[in-house]
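Asks: just to be clear, the model below is a prediction. Sequence and coordinates:
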Amino acid sequence: MKNKLIYVVDDEQNIRDLIRSYLQKEGYDVEVFGDGSEAYGALSGLKPDMLIIDVMMPGMDGYTLCREIRKSSDVPIIMVSAKDEEIDKVLGLELGSDDYISKPFSPRELTARVKTIFRRIKDEPPKADIQRNEIKCHDILVLLDERRVLKDESDIELTAKEYDFILFLIENKNRVFTREQLITNIWGYDYVGDTRAIDDLVKRVRKKLSEAGSVLEIVTVWGYGYKIIE
């Protein structure tokens with residue numbers, strides 16, 4: 001079986017070498033890059049199975065690289081950063097990363113998180129078995145293959161997690177979910193942090209739906225969570 005290929009993107013050579021060493025010991029193939037632009041250019045060639053990206057880099061930083069990748073790919077991404085503020089973690093997750101780990105970190109912890117993400121992907125049912133090409137709810141149309149949300153044939157620009165959030169509620173309309181359940185189902189791993197991230201997500205999605213003139217409503221179930229009714 002072909003080894004998983006992981007891109008490690010960090011401007012510090014000692015960090016790149018340390019991560020590469022541990023991942024190679026676990027049987028992964030590893031390519032390292034010193035900046036975001038170099039890694040982004042390499043994506044047009046050999047496709048990685050995962051990227052580990054440092055946030056603070058000169059030129060194209062990790063947030064920008066993650067945002068650009070998410071425009072066309074759902075490849076797993078782990079963000080690595082010296083920033084340990086909750087807002088930085090939420091931003092990384094909102095841009096579409098699958099996990100966020102703060103420096104200094106244990107290489108063993110990082111490799112454990114890599115294994116967890118790959119295990120989760122392996123356990124997920126094939127998308128073709130659970131999705132149609134499109135889903136309609138009120139005046140909103142979700143194009144699944146293209147990860148687009150439309151109102152009257154006009155795109156509503158959403159981040160990766162905003163899209164995942166509205167799709168999840170539409171697929172499970174008329175069911176109410178707690179903030180903890182939404183965190184688990186949208187990020188797909190045991191998120192450690194404030195569940196207010198969901199409240200912020202709801203505010204942004206509501207604003208974008210309103211600006212688009214949509215009648216679709218994300219309903220607050222006070223003291224419990226959120227749902228979409230149809």
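Replies: Noted; the coordinates are in hand. Not measured: the values here are computed from a predicted model.
Asks: C-alpha from now on. contacts and neighbour counts both.
Replies: Noted.
Asks: apart from its chain neighbours, what residue comes closest to the residue nearest to the spatial centre of the chain?
Replies: With distances taken as Cα atoms, centre = their mean, G96 lies nearest the centre of the chain, 2.7 Å away. Among residues not flanking G96 along the chain, A160 sits closest, at 5.1 Å (Cα to Cα, 6 or more residues apart in numbering).
Asks: ok, now how distant is the residue nearest to the centre of the chain from G62?
Replies: Distance of G96 to G62, computed by Cα to Cα, to the nearest Å: 12 Å.
Asks: the protein: helices as residue ranges?
Replies: Secondary structure of the chain (DSSP state H): helices at 13-25, 36-42, 62-70, 86-94, 107-123, 127-130, 160-171, 179-187, 196-211.
Asks: quick check: mean pLDDT across the fifth one?
Replies: Predicted confidence along helix 107-123 averages 85 (mean pLDDT).
Asks: tell me how many other residues crowd D199.
Replies: The number of residues packed near D199 is 14, by other Cα atoms under 10 Å.
Asks: just the pLDDT at it, thanks.
Replies: The model reports D199 with a pLDDT of 85.
Asks: for D54, see how far away it is.
Replies: Relative to D54, and taking Cα to Cα, D199 is found at 27 Å.
Asks: cool, and D11?
Replies: Using Cα to Cα, D11 is found at 8 Å from D54.
Asks: higher neighbour count, the two?
Replies: The neighbour count for D11 versus D54, taken as other Cα under 10 Å, is higher for D54 (29 against 20).
Asks: so who does the residue nearest to G96 touch?
Replies: R70, E94, L95, G96 (Cα atoms under 8 Å, 6 or more residues apart in numbering).
Asks: most neighbours among these, which one?
Replies: G96 (28 neighbours).
Asks: list the buried ones in stretch 221-230?
Replies: G225, Y226, K227, I228, I229 (16 or more other Cα atoms under 10 Å).
Asks: tell me the one of the residues you listed nearest E134?
Replies: I228 (17.2 Å; Cα to Cα).
Asks: distance check, that closest one against K207.
Replies: For I228 relative to K207 (Cα to Cα), the value is 15 Å.
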